[in-house]
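Q: Need coordinates for the following:
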Amino acid sequence: MARPLKLGLDYFPLDVAFDDNIELVEAEFGLEGFAILIKVWQKIYANGYFLNWNDDTALLFAKKINTEKTKITSVINACLLRSIFDKVLYERFGVLTSRGIQKRYIIACASSKRKNITMEAKYLLIEDRYKQLITEIIPFTQEETAINSGESTQRKGKETERKGKESIKDYSLEFEKFRQRYDAETLEKIDRYFEILRTTRVSGKISDSIKCQVYDEMNKHPPIIVKCSCETVIKRPDLHSKKENYFYGIMRNTTADEAEHKLNSKQETKSKYRDMTNYKPGEG
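A: Next up is the predicted model:
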């Protein structure tokens with residue numbers, strides 16, 4: 001029986017200096033976020049040059065490295081937004097890969113004098129000079145070719161259909177009505193919370209229907225509770241990977257008195273700090 005071809009690598013090179021996109025992921029998620037990215041790279045290179053990624057994969061991966069799935073999903077989303085992984089291939093085929101990953105994979109295979117370097121045409125992001133090192137490029141299937149050639153037309157059709165559906169439901173008036181009950185400071189915190197919430201989505205966006213649901217939940221509570229709950233999420237990076245249900249729990253478990261006390265305490269702390277920084281020797 002012929003020995004099965006080896007696709008993965010036993011090791012992969014890691015740069016001593018990273019570009020800004022990777023630094024930004026570490027700045028956002030800390031060393032844990034950086035470690036998650038390294039673990040994903042390990043899994044990619046162990047299998048070759050790409051990794052099929054979906055909710056089940058994320059769940060098993062989270063169990064293996066003993067980390068919350070929501071944190072892993074948030075890191076992956078950030079990597080897609082910052083082009084650490086190719087977003088187009090992820091949205092089209094559900095795989096994590098990049099031009100840099102493919103270059104390093106081919107160079108490692110060639111350096112180890114591997115006789116067979118097989119890659120799939122539909123995933124390739126590399127330049128021709130690297131393609132010359134590949135011994136076999138698996139072409140698109142007839143079905144994939146048909147899908148690929150008609151994808152632009154289909155995308156336009158779906159976009160038109162999507163816009164048509166969205167036009168049926170216009171949330172702008174509802175949003176305006178929701179926001180009338182809050183002062184400017186609270187609205188600023190609500191908007192900052194929505195910016196955090198969108199990072200929990202693969203697309204990096206939240207639909208108007210979801211925003212409407214969040215506003216509905218907010219309106220079940222006094223504005224001061226909403227303000228305090230938004231402030232809690234904003235000030236705690238460990239909560240940035242939590243979806244809206246966690247935020248609902250914060251509002252349910254906070255009383256108006258507690259919210260007022262927390263906000264007043266923070267305001268007093270800021271006031272004391274401001275007084276200290278404005279103090280000049282010799283003043284009474």
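
Q: any idea which helix or strand carries the nearest residue to Ile65 once chain neighbours are set aside?
A: Nearest in space to Ile65, with sequence neighbours left out and distances taken as C-beta to C-beta, 6 or more residues apart in numbering, is Lys39 at 5.5 Å. Every C-beta, even on glycine, is put in place using the N, C-alpha and C of the backbone. Using DSSP states H and E, Lys39 sits within helix 20-47.

Q: same deal with Leu173?
A: Short version, using DSSP H and E: Leu173 is in helix 172-179.

Q: Quick check: Ser209 touching Tyr171?
A: Yes. Using C-beta atoms under 8 Å, Ser209 is in contact with Tyr171, at 7.4 Å.

Q: number of nearby residues for Gln42?
A: For Gln42, the count of nearby residues is 14 (other C-beta atoms under 10 Å).

Q: OK, contacts around it?
A: Gln42 is in contact with Phe12, counting by C-beta atoms under 8 Å, 6 or more residues apart in numbering.

Q: Now stretch 210-222: average pLDDT?
A: Across stretch 210-222, the average pLDDT comes to 91.

Q: In it, which residues are buried?
A: For stretch 210-222, the neighbour count (16 or more other C-beta atoms under 10 Å) marks Ile210, Lys211, Val214, Tyr215, Glu217, Met218, His221, Pro222 as buried.

Q: which non-adjacent residue is nearest the last one?
A: It stands for Pro222. Of all residues not flanking Pro222 in the chain, Ala256 sits nearest, at 5.0 Å (C-beta to C-beta, 6+ apart).

Q: just to revisit the earlier point, give me the mean pLDDT for the helix holding Leu173.
A: 84.

Q: Convert the C-alpha atoms of that helix to PDB, please.
A: Once non-C-alpha atoms are left out, helix 172-179 reads as follows in PDB (Å, rounded to 0.1, in the frame of the first residue of the first chain):
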ATOM      1  CA  SER A 172     -35.100  54.600  11.600                       C
ATOM      2  CA  LEU A 173     -38.300  55.900  13.100                       C
ATOM      3  CA  GLU A 174     -38.200  53.300  15.800                       C
ATOM      4  CA  PHE A 175     -34.600  54.100  16.700                       C
ATOM      5  CA  GLU A 176     -35.400  57.800  16.900                       C
ATOM      6  CA  LYS A 177     -38.300  57.000  19.200                       C
ATOM      7  CA  PHE A 178     -36.100  54.800  21.400                       C
ATOM      8  CA  ARG A 179     -33.300  57.300  21.700                       C
END
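
Q: What is that helix packed up against?
A: Helices and strands touching helix 172-179, as assessed by 3 or more C-beta pairs under 8 Å, 6 or more residues apart in numbering; DSSP states H and E, comprise helix 208-218.

Q: now what about the helix it packs on, what contacts it?
A: Residues outside helix 208-218 that contact it (C-beta under 8 Å, 6+ apart) are 166, 169, 171, 174-175, 178, 190, 194, 197, 226, 244, 247-248, 251.

Q: Just give me how far that helix sits from the chain centre.
A: The chain centre lies 21 Å from the centre of helix 208-218; the measure is C-alpha atoms, centre = their mean, to the nearest Å.

Q: With distance to Lys262, secondary structure and neighbour count added, can I get the contacts of helix 208-218 in TSV?
A: Shown next, in TSV, are the contacts of helix 208-218 (distance: C-beta to C-beta, whole Å; DSSP: H, G, I helix; E, B strand; the rest coil; neighbours: other C-beta atoms under 10 Å):
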residue	distance to Lys262	secondary structure	neighbour count
Glu166	38	helix	13
Lys169	36	coil	10
Tyr171	31	coil	15
Glu174	29	helix	15
Phe175	27	helix	14
Phe178	23	helix	18
Ile190	17	helix	22
Phe194	21	helix	16
Leu197	21	helix	19
Val226	13	helix	25
Glu244	21	helix	17
Phe247	16	helix	22
Tyr248	18	helix	17
Met251	13	helix	19
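
Q: and which of these is nearest Asp128?
A: The nearest member of the contacts of helix 208-218 to Asp128, counting by C-beta to C-beta, is Glu166 at 41.3 Å.

Q: List the contacts of stretch 114-133.
A: 5-7, 49-50, 86, 89, 93, 95, 97-99, 102-103, 106-107, 109-110, 134-140, 144, 148.

Q: Name the residues of it that are buried.
A: Across stretch 114-133, burial judged by 16+ other C-beta under 10 Å covers Arg114, Ile117, Met119, Glu120, Lys122, Tyr123, Leu124, Leu125, Ile126, Tyr130.
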